[in-house]
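**Q** My questions are about this predicted structure, shown below with the sequence.
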Amino acid sequence: MAWKKFAPSSALPTDWLSPFPEHQRNLITPTPAMASDLVLNLDDSNFDAEIAAATVPVVVDFWAEWCGPCRMLGPVLDQLATEKAGSLKVVKVNVDNSPNLAAKFNVRSIPMLLYIKDGAVKDTSVGVLSKDAIANKVAAIA
């Protein structure tokens, strides 16, 4: 039996995946991750100053827009920031926009949370956690 040779992928029509243009890979626009006003978005330029100025424990979320588990964790962190306003600071760092910070903290998988107290990393976690699990880690370092 002879194998048929397939045409290279560049020869495929652009709409071969779906008859609907909005489903074409290049036309999908990512939806920005939900974040409350209490959750700060930090980058290389303001990270050190915000962490140094914190008088309460800080939870740092390393995430990316394309990361599904990161999107699941976003609303949990929003709720935590709202419930613990004044006693906890929640910040997010997009690893695509701040690769130097990700390298500095040895981020290998996302979502990754850092639990910081007095400017020092006290604990870390990788993956999606419940609000209670995050709150317990924060209580342990407070």
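**A** Yes, it's here.
**Q** who's in contact with stretch 109-128?
**A** Residues from elsewhere that reach stretch 109-128 (Cβ atoms under 8 Å, 6 or more residues apart in numbering): 51-52, 54, 57-64, 67, 69-70, 72-73, 76, 95, 105, 108, 129, 133-134, 137-138, 140-142. From N, CA and C alone the C-beta is placed, and that goes for glycine too.
**Q** gap between that stretch and the chain center?
**A** Offset of stretch 109-128 from its chain centre (Cα atoms, centre = their mean, to the nearest Å): 12 Å.
**Q** Kindly report the same for stretch 97-109.
**A** Taking mean C-alpha positions (Cα atoms, centre = their mean), stretch 97-109 and its chain are 11 Å apart.
**Q** From the opening residue of that stretch to its closing one, how far?
**A** End-to-end distance for stretch 97-109: 16 Å, by Cα to Cα, to the nearest Å.
**Q** tell me which residues in that stretch are buried?
**A** Neighbour counts using 16 or more other Cβ atoms under 10 Å place 98, 101-102, 105, 107 of stretch 97-109 among the buried residues.
**Q** now stretch 74-87
**A** So stretch 74-87, judged by 16+ other Cβ under 10 Å, has buried residues 74, 76-78, 80-81, 84.
**Q** Contacts for it next, please.
**A** 33-36, 38-39, 56-57, 59, 61, 63, 88-90, 92, 128-131, 134-135, 138, 142.
**Q** got any ranges where this structure has weak pLDDT?
**A** Residue ranges of the chain with pLDDT under 70: 1-35.
**Q** residue closest to the middle of it?
**A** Nearest to the mean C-alpha position of the chain, by Cα atoms, centre = their mean, lies Trp63 at 1.6 Å.
**Q** Just to check, it is in contact with Asp96?
**A** No: here Trp63 does not reach Asp96: they are 9.3 Å apart, not a contact under Cβ atoms under 8 Å.
**Q** Having no further points to raise, I will conclude here.
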